[in-house]
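Just to be clear, the model below is a prediction. Sequence and coordinates:
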Amino acid sequence: MDRDQLIERSIIKKYRKTIWNNFIGAIKDYELISPGDRIAVCISGGKDSMLLAKCMQHLQKYSDFEFETEYIVMDPGYAPENRKKIIDNAEILGLPIKIFDSDIFKTVDAADGGTPCYLCARMRRGYLYKFAGECNCNKIALGHHFDDAIETTLMSMLYGAEIKTMMPKLKSTNFSGMELIRPLYMVREKDIISWAAYNDLHFIRCACKVTQKNDISCDGSKRQEVKELIKNLKA
């Protein structure tokens, strides 16, 4: 059995209860995928999106109904070594990726004021919707998981004086007929980390040139602060 097959097998065997069942549970409970869907699975190069891609790939093989997938990677201006790492990991995982370029890092770096991460996230979403449309897709799938949703809720309360979070699915207001889905919505981050370690997989983490240029650590972000807060509250 090839390595990509062993990695895929680990999802439905060793991690069946913690990853696969929760992945399928979210899709069924929130009705994320319908017959005839053409889904752009968005890969950033991190552990979450790579796992999502393998789950989607396996589901497509054995689904009760037909749907199509495109595995898309947007390069917002990665350093050559990070782009190569994504390509190498996609080959290891047996993922047929399509890469397209954007100038997001360059644009965000030139912007004055504001929060670079927020601007970057909004621009990424727009580019992904646009490219997905060019691939004739009606949905984009992102790798956000259970912990992301919880952290976002707490961040909005602490730093935004409001209560909102990531929804499992969301219709686009700017791109007609396009819907965003989050199939890993019920999967815990610790199980994704365990899956990656079990398969000896190493993915890119923060590859942002803006934070690197300004000597800002991704571990010093507001999200990381909230991660630590939740960790301490849990203890």
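Nice, thanks for sending it over. Numbering: from 1, shown residues only.

Next, the contact list for the spatially most central residue of the chain, please.
For the chain, the residue nearest the mean C-alpha position is Gly143 (2.6 Å; CA atoms, centre = their mean). Residues near Gly143 by CB atoms under 8 Å, 6 or more residues apart in numbering: Cys42, Ile43, Ser44, Gly46, Asp48, Ser49, Met50, Leu51, Leu52, Arg182, Leu184. Glycine gets a C-beta too; all of them are placed from N, C-alpha and C.

By mean pLDDT, flag the weakest helix or strand of the protein.
For the chain, the helix or strand with the lowest mean confidence is helix 209-213, at a mean of 55 (criterion: mean pLDDT, DSSP states H and E).

Do a quick rundown of the strands in this structure.
For the chain, strands defined by DSSP state E occupy the ranges 38-43, 68-75, 97-101, 139-141, 169-171, 179-181.

Check the average confidence over the fourth one, would you?
The pLDDT scores in strand 139-141 average 98.

ok, it: who's next to it in the sheet?
Sheet pairing of strand 139-141 (DSSP bridges) gives strand 38-43 (parallel), strand 179-181 (parallel).

Need the CA coordinates for the longest helix along the chain. CSV is fine.
Secondary structure of the chain read by DSSP state H shows that its longest helix is helix 116-134. This file holds the C-alpha atoms of helix 116-134, laid out as CSV (Å, rounded to 0.1, in the frame of the first residue of the first chain):
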residue,chain,number,x,y,z
PRO,A,116,-3.0,43.1,8.4
CYS,A,117,-4.4,39.7,9.3
TYR,A,118,-8.0,40.9,8.9
LEU,A,119,-7.2,42.5,5.5
CYS,A,120,-5.4,39.4,4.4
ALA,A,121,-8.2,37.1,5.4
ARG,A,122,-10.8,39.2,3.5
MET,A,123,-8.7,39.4,0.4
ARG,A,124,-8.0,35.6,0.5
ARG,A,125,-11.7,34.9,0.6
GLY,A,126,-12.4,37.1,-2.4
TYR,A,127,-9.6,35.5,-4.5
LEU,A,128,-10.8,32.0,-3.5
TYR,A,129,-14.4,32.7,-4.4
LYS,A,130,-13.3,34.1,-7.7
PHE,A,131,-11.1,31.2,-8.7
ALA,A,132,-13.6,28.7,-7.5
GLY,A,133,-16.1,30.4,-9.8
GLU,A,134,-13.7,30.1,-12.7
